[in-house]
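Q: Structure for the following, please:
(one chain, ligands or ions: 1)
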Amino acid sequence: MLSRAGTSQPRWSLGQLFFTFSHRFSARLNFSSISEVKVLNHLDDECGDFLPWLERKAGVQVSSKLYIGKVSYGRSLFASRDIQIGDCILRVPYSVQISSDNLLPKASALLDDQVESVTKVAIALLVEQKLGWESEWAHYVSCLPQLGEMNSTIFWSRSELDMICQSFVYQETIKQKAQLEKDFLRIKPALEQFPHILRRITFKDFIHAYALVKSRAWGSTKGVSLIPFADFLNHDGVSEAIVLNDEDKHVSEVIADRNYAAHEEVLIRYGKFSNATLLLDFGFTLPYNIHDQVKVQIDIPHHDLLRETKLEILKKHYLPAIEDDNGFKTSWDSFIINEVCCRKREGCATVTSCVCSGSMLHFSSRFK
Ligand SMILES: C[S@@+](CC[C@H](N)C(=O)[O-])C[C@H]1O[C@@H](n2cnc3c(N)ncnc32)[C@H](O)[C@@H]1O
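A: Take a look at the predicted model:
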């Protein structure tokens, strides 16, 4: 999920993977370098009436500065004219956002407390998808990526996943899939109460809706919300622009963090996400990701004669668990390396610095 949106008022409101890959795999894996992205840039005909529709629904102007276009990785927002740093480029009222409040009250009552917010919004979206053109959200739903266009790792085939089986992303993907299967069984009885809308709902339908929400909803005080139009913005890890929530005015907005010339692609930062998180939740990675990090799990085999001593040292040096933007948690047998990679614009130097705590270095030297 995208980070919790920031507040426009002073109140709160939202590894690099090293593996080889086949030709097919490289097509599936969306390696993205903002400077190398192919901007198709033409107006997106299929979504041409999307903004006027949203503004009619909201009863206010949402943006006079952006239009929907296409890049090699789907839809994107472009400057319709010159934008100055500090300009508000879009403002989406809460009334045209989709949250768990949009769930049919009868369906909501049937879902227990264990059903997480993302799943509830996914069900609300599923209902709208199944209603087709009868849905009041049809203009929005029809512009969302289809199942075959989703690249988050839960959609990878067995053989594709095998290629990353040594990684944290692999473990998380397997965990996420198992959890989704459980969630689907948990919510199915509630869905079956609405056979006229949700007939023949499959697990694939469910994970499609779930992945859409996970890759394009922001956290807020009331859980998570899909923010139509803002969710066509793509990610740049170094951008300072984020989605802000104004809880008094009940709007989400984005302020430009730099000047843009007309027809330039406008990017924001979803969060300070590592490549592992980007791949897991969004289906792409960045080649030079300043927020990249790797979780290293220390596996001490049972036959290791020094097992007890090593366990003792690990526990002694264990740092309190902290959860970051990536949801990475340390535990006594793991640590996180933040890797900062950047390529100088002039010349071709690559600066890589690994930052890890003294105790972690101590571990690695002891375990050599
Ligand atoms: C919030 S949506 C952005 C709009 C999306 N491109 C579309 O076509 O609707 C997030 C998705 O956009 C794509 N995306 C966003 N930023 C990207 C980037 N820098 N490189 C590659 N894909 C990106 C990924 O597929 C991601 O899951």
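Q: so S117 makes contact with D101?
A: No - if you go by C-beta atoms under 8 Å, S117 and D101 don't touch, sitting 10.9 Å apart. Any C-beta I mention is one placed from the backbone N, CA and C, and that applies to glycine too.
Q: Looking at those two, which is more packed in?
A: The neighbour comparison of S117 against D101 (other C-beta atoms under 10 Å) goes to S117, with 18 against 15.
Q: ok, and the closest non-adjacent residue to the more buried one?
A: Closest residue to S117 apart from its sequence neighbours, by C-beta to C-beta, 6 or more residues apart in numbering: G223 at 3.6 Å.
Q: Might you report the residue contacts of the one you found?
A: By C-beta atoms under 8 Å, 6 or more residues apart in numbering, the contact set of G223 is S99, S100, S117, K120, V121.
Q: 10 Å instead, please
A: By C-beta atoms under 10 Å, 6 or more residues apart in numbering, the residues touching G223 are S99, S100, D101, E116, S117, V118, K120, V121, A217.
Q: which parts of the protein sit against the ligand?
A: Within the chain, the positions near the ligand by C-beta under 6 Å from any ligand atom are 30, 32, 73-76, 145, 215-216, 231-232, 234-235, 282-284.
Q: Buried among those? Make that a ChimeraX selection.
A: To isolate the buried members of those in ChimeraX, using 16 or more other C-beta atoms under 10 Å:
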select :30,32,73,75,76,145,215,216,231,232,234,235,282,283,284
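Q: Just the residues of the chain next to the ligand: which are in strands?
A: Taking DSSP state E as the definition of strands, these contribute N30, G74, R75, S76, N234, H235, F284.
Q: just so I have it, where are all the helices in the stretch 151-300 of the chain?
A: Along the stretch 151-300 of the chain, counting by DSSP state H, counting those that start in this stretch, helices occupy 158-162, 168-191, 195-198, 203-216, 275-277.
Q: Quickly, which of those helices bottoms out on average pLDDT?
A: Mean pLDDT is lowest for helix 195-198 among the helices of the stretch 151-300 of the chain, at a mean of 74.
Q: quick revisit: of the ones in strands among the residues of the chain next to the ligand, just say which sits nearest to the ligand.
A: Lowest distance from the ligand to those (C-beta to the nearest ligand atom) belongs to G74, with 2.5 Å.
Q: That closest one touches H235, doesn't it?
A: No - using C-beta atoms under 10 Å, G74 makes no contact with H235, being 11.7 Å away.
Q: Now do the shared contacts for these two.
A: Shared contacts of G74 and H235, defined by C-beta under 10 Å, 6+ apart, comprise F284.
Q: any chance you could map the strands in the stretch 201-350 of the chain?
A: 217-220, 223-226, 234-235, 243-246, 251-255, 267-268, 284-285, 293-297, 334-343, 350-355 (DSSP state E, counting those that start in this stretch).
Q: again, but for the stretch 1-150 of the chain
A: With strands called from DSSP E, counting those that start in this stretch, the stretch 1-150 of the chain shows them at 2-4, 6-7, 30-31, 39-43, 66-71, 74-79, 88-93.
Q: Between the ones you listed, which one is closest to N151.
A: Among the strands of the stretch 1-150 of the chain, the nearest to N151 by C-beta to C-beta is strand 30-31 (5.4 Å).
Q: Do I have it right that V127 meets R199?
A: No - if you go by C-beta under 10 Å, V127 and R199 don't touch, sitting 11.8 Å apart.
Q: any common contacting residues for those two?
A: Joint contacts of V127 and R199 (C-beta under 10 Å, 6+ apart) are L191.
Q: Which of those two has more residues huddled nearby?
A: Between V127 and R199, counted using other C-beta under 10 Å, the more crowded position is V127 (20 against 10).
Q: Let me see the contact set for the closest residue to the more buried one other than its chain neighbours.
A: Closest residue to V127 apart from its sequence neighbours, by C-beta to C-beta, 6+ apart: I197 at 5.7 Å. By C-beta under 10 Å, 6+ apart, the contact list for I197 reads L104, A107, L126, V127, E128, Q129, K130, L131, E134, S135, L191.
Q: Present the residues you listed as CSV; the columns should include distance to L161.
A: Output for these, formatted as CSV (distance: C-beta to C-beta, whole Å):
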residue, distance to L161
L104, 35
A107, 33
L126, 25
V127, 31
E128, 30
Q129, 26
K130, 29
L131, 34
E134, 38
S135, 34
L191, 28
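Q: Taking the residues you listed, tell me the two that lie furthest apart.
A: Greatest spatial distance in the contacts of I197: E134 and L191, 18.0 Å, computed using C-beta to C-beta.
Q: quick one, phi/psi of the residue lying farthest from the centre of the chain?
A: Distance from the C-alpha centroid of the chain peaks at L305, with 43.0 Å (C-alpha atoms, centre = their mean). Backbone geometry at L305, expressed as degrees, to the nearest 10, gives phi -60, psi -30.
Q: From the ligand, how far out is it?
A: 47 Å (C-beta to the nearest ligand atom, to the nearest Å).
Q: what about this protein, any weak spots by pLDDT?
A: The chain contains residues with pLDDT under 70 at 8-43, 318-324, 328-333, 339-368.
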